[in-house]
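Any chance you could fold what I've pasted below:
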Amino acid sequence: MVNPSAPRLTNNLFINLRIKAGIVVLLISRSSVYPSPTEWTTILRHWPYPVSCKPEKIIRKQPDGQCRHYLRGQWLLQANLGLETSRTDRQPINIYSGNVIN
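I've put the predicted structure just below:
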């Protein structure tokens, strides 16, 4: 289920992230159409470590009767993100974490 209080992205795009037992599950979704492959690639390009994952397409019916279109991918969590290295920019790594989709 999509959290209505989550920050809004362009054209009703939502990003959902779940990490459990060392597996990362990423879902990006829209209510009317599937997100584009370019959007999927853009999200993975900004991941804090290299990820190569082909998404699968999923459609789920929402409580309001409408369908939501998802791109879903999963991969192993990288244990060491290199955050303890001597980074010079000292900026935090931002990953938006929306609500969890079961």
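
just so I have it, where are all the helices in this protein?
Listed in chain order, the helices of the chain (DSSP state H) span 37-45.

residue ranges with poor pLDDT in it?
Low-confidence segments of the chain (pLDDT under 70): 1-8, 79-102.

Just the residues contacting stretch 63-78, thanks.
If you take C-beta atoms under 8 Å, 6 or more residues apart in numbering as the criterion, stretch 63-78 is touched by 1-2, 19, 22-35, 39-40, 49, 51, 53-62, 101. (C-beta placed from N, C-alpha, C; glycine too.)

what ranges do the strands span in the protein?
Residue ranges of the strands in the chain, as given by DSSP state E, are 14-20, 23-30, 56-61, 67-76.

tell me, how many neighbours does Arg45 end up with?
9 (other C-beta atoms under 10 Å).

what do you get for the one 4 residues further on?
By the measure other C-beta under 10 Å, the count of residues near Tyr49 is 11.

what about it, distance to Gln74?
15 Å (C-beta to C-beta, to the nearest Å).

same check, this time on Pro50
From Pro50 to Gln74 the distance is 15 Å (C-beta to C-beta).

Those two - which one has more neighbours?
Set Pro50 next to Gln74 and count neighbours by other C-beta under 10 Å: Gln74 wins out with 14 against 8.

measure that one to Asn11 for me?
24 Å.

cool, and Leu76?
To Asn11, Leu76 is 31 Å away according to C-beta to C-beta.

The two: which is more packed in?
Asn11 (12 against 9).

mind checking the backbone torsions on Lys54?
phi -90, psi 130 (degrees, to the nearest 10).

and it, how many neighbours does it have?
8.

Please apply the same query to Ile19.
By other C-beta under 10 Å, 12 other residues sit near Ile19.

Now it. Nearest residue, chain neighbours left out?
Excluding the flanking residues, the one nearest Ile19 by C-beta to C-beta, 6 or more residues apart in numbering is Leu77, at 6.0 Å.
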